[in-house]
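> give me a model of this one.
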Amino acid sequence: MSDVVLERFRNTLFWWLDTLKGSPIKKHIIDISDTLNNFETTKIKREQNLIKLLKHSIQTTPFYKSLNLSEKDFEQFPVINKIEITENQELFKSSVFLNKKNITRSTSGSTGTPFKVLHNTNKIYRNSADTIYFSELAGFKIGYQLWYLRYWGGLNFKNSNFKNWAQNLKPIEVINLDNERIEKLIAQIKNSSGHKGWLGFPSAFEQVCKFLDDKDEKPIDANFKSIIGMAEGISAYTKQRMAYYFNCPMLSRYSNMENGILAQQTPNSEAFQINWASYHIEILNLHNNEKAPKGELGRIVVTDLYSYAMPLIRYDTGDLGAMDFTVSPPTLKRIEGRKTDTIYNTKGVIVSSFIMINSVHFEGIKQIQLIQESKTNYTIKLNCSGDFKFKNQLIEKFKSFLGDDAVIKIIIVDEIPLLSSGKRKMTLNNYITQN
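Just a heads-up that it's a prediction; the model follows:
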């Protein structure tokens, strides 16, 4: 049976099984599409969903019940974070769902803080619908091969071989992803027919691109319909080279394990389309819980409209972003990653992580990491293919972003290690951590 025939079979089987359950995923997709494509006219529906969640949390969770809140006073609800939830986990669980069929999602992410949340059945269906909807926007459909580069050692990702086959999932471990494994991966892709999609960590895609560059490869005709980077920022180099080699635009997805897909780029825009259908998103001031001035960088705070087993209301993701209110619906025009990944110049002004793309102009750099050690001291770690001859030029380039009074030290390393999550940080702020 050909790959294309199997694609259709998998697609038909998925929707047949959904129909047997009463079409919960299909109904959610219709609702997501209606909300995002008719944003102004669905305002009342979105407000009702928020009020319904707030009322549920006040009535059924010990944490919110104890605060004497009203579902009509959303901004009076406290801003919460991972640490607060972890230390008071039982207080955030809804009594209505304690004995129901829930799924535990766990992550340490980039923070190293173990974190678990409960997802009720309807939340699981909603996440599936979000994934299908936003994947289709990128060009991917159920049944296509999904070549998925990520860390597969976590408890959330223990798929059986049969489930991988049924989902047409090709899991690729990013830990110890060396040239030998990349070469085998490319050979597998070339020998596989059918429609395909890439999904995974941009740092792993960058390794693939650099391998192909070193081999002076031509574009690969492998029928890729989508390329989505997640969990990390995407450099201009990676975005351009992935599009070149696989003849498909690369998009960035903003998501996390505890919520789901929060926003995603579209093929024709660098802005992130926010998933207003499933979440209410705020941008709050960096130093307090007031709203950030419109268009300015702030903390991304999320209210999950479908998480009922363990409501996450005004949840501080730890990420920074800026929203564009000049369009409808508003989009995220900028996502900077976690506060502990954010670099400040010597005057205390946030510097965009995109300064890191300047490393592509210096021959021999395989990996780079910028660390802020104090207000004016920085370390650049380099993993190079040979003797790096451009240290002074690299320092001057980064001084142009960080300040003329920046003290920059370069350290040559054999490898910039991955986090336990399988991600690799390009920026790290030890100065914020210390303070």
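> count of residues packed around the closest residue to N430 other than its chain neighbours?
Computed as Cβ to Cβ, 6 or more residues apart in numbering, the closest residue to N430 that is not its neighbour in sequence is E373, at 5.5 Å. For glycine as for every other residue, the C-beta is placed from the backbone atoms N, C-alpha and C. For E373, the neighbour count with other Cβ atoms under 10 Å is 15.
> residue ranges with poor pLDDT in this protein?
1, 107-114, 153-159, 337-340, 352-354, 357, 360, 418-424, 432-435 (pLDDT under 70).
> regarding it, what is its longest strand?
Longest strand in the chain by number of residues, with DSSP state E as the criterion: strand 315-324.
> rewinding a little: if I look at the residue nearest to N430, how far off is G403?
In this view, E373 and G403 are 14 Å apart by Cβ to Cβ, to the nearest Å.
> report the contact partners of E7.
When contacts are counted by Cβ atoms under 8 Å, 6 or more residues apart in numbering, E7 touches 143-145, 168, 194-195.
> I142 too?
With contact set as Cβ under 8 Å, 6+ apart, I142 has these partners: 10-11, 14-15, 132.
> buried ones only from those, please, as a ChimeraX command.
A single ChimeraX command suffices to select whichever of the contacts of I142 are buried according to 16 or more other Cβ atoms under 10 Å:
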select :10,14,132
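> what are the buried residues along stretch 130-144?
Going by 16+ other Cβ under 10 Å, stretch 130-144 has these buried residues: 130-135, 137-140, 142-144.
> will you turn those into TSV that also has distance to A231 and secondary structure?
Formatted as TSV, the buried residues of stretch 130-144 follow (distance: Cβ to Cβ, whole Å; DSSP: H, G, I helix; E, B strand; the rest coil):
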residue	distance to A231	secondary structure
D130	16	helix
T131	15	helix
I132	19	helix
Y133	19	helix
F134	15	helix
S135	16	helix
L137	19	helix
A138	16	helix
G139	20	coil
F140	17	coil
I142	22	coil
G143	25	coil
Y144	21	coil
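> what is the nearest of those to K397?
The nearest member of the buried residues of stretch 130-144 to K397, counting by Cβ to Cβ, is A138 at 33.4 Å.
> identify the residue nearest the closest one in space, chain neighbours excluded?
S226 is the one closest to A138 (Cβ to Cβ, 6+ apart), at 4.1 Å.
> hey, what's the one you found bridged with?
Judged by DSSP bridges, the bridge partners of S226 are G197.
> count the neighbours of it for me.
Counted with other Cβ under 10 Å, the neighbours of S226 add up to 24.
> domain parsing for the chain?
Annotated domains of the chain cover 1-38+120-270, 74-118+274-338, 342-434 [automatic domain parsing].
> closest to K52 out of these?
domain 74-118+274-338 (8.4 Å).
> which residues touch the residue nearest to A138?
Counted by Cβ under 8 Å, 6+ apart, S226 has contacts 135, 138-140, 197-199, 248, 251.
> for the protein, what spans make up the helices?
In the chain, the segments counted as helices under DSSP state H are 3-20, 24-37, 43-60, 62-65, 82-87, 121-138, 161-167, 179-190, 202-214, 236-246, 391-402, 430-434.
> just checking, what packs against the shortest one?
Secondary structure elements in contact with helix 62-65, counted by 3 or more Cβ pairs under 8 Å, 6 or more residues apart in numbering; DSSP states H and E, are helix 43-60.
> helices and strands around the helix it packs on, which ones?
Judged by 3+ Cβ pairs under 8 Å, 6+ apart, the packing partners of helix 43-60 are helix 62-65, strand 298-304.
> so it versus strand 298-304, what angle?
What separates the directions of helix 43-60 and strand 298-304 is an angle of 80 degrees, with axes from the mean of the first three to the mean of the last three Cα atoms, to 10 degrees.
> can you give me the buried ones in helix 43-60?
Result for helix 43-60 [16+ other Cβ under 10 Å]: buried residues 46, 49-50, 53-54, 56-58, 60.
> mind putting those residues in CSV, distance to R314 included?
Output for the buried residues of helix 43-60, formatted as CSV (distance: Cβ to Cβ, whole Å):
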residue, distance to R314
R46, 16
N49, 15
L50, 11
L53, 11
L54, 10
H56, 15
S57, 11
I58, 14
T60, 17
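> re earlier: separation between the residue nearest to N430 and Q367?
With Cβ to Cβ as the criterion, E373 and Q367 are 19 Å apart.
> repeat for C384
Distance of C384 to Q367, given as Cβ to Cβ: 9 Å.
> what of G22?
Taken as Cβ to Cβ, the span from G22 to Q367 is 49 Å.
> close enough to count as contact, F388 and I395?
No - when contacts are counted by Cβ atoms under 8 Å, F388 is not listed as touching I395 (11.7 Å).
> just send the contacts of E7 back as a markdown table, with distance to M310 too.
Shown next, in a markdown table, are the contacts of E7 (distance: Cβ to Cβ, whole Å):
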| residue | distance to M310 |
| --- | --- |
| G143 | 32 |
| Y144 | 32 |
| Q145 | 34 |
| N168 | 31 |
| G194 | 39 |
| H195 | 37 |
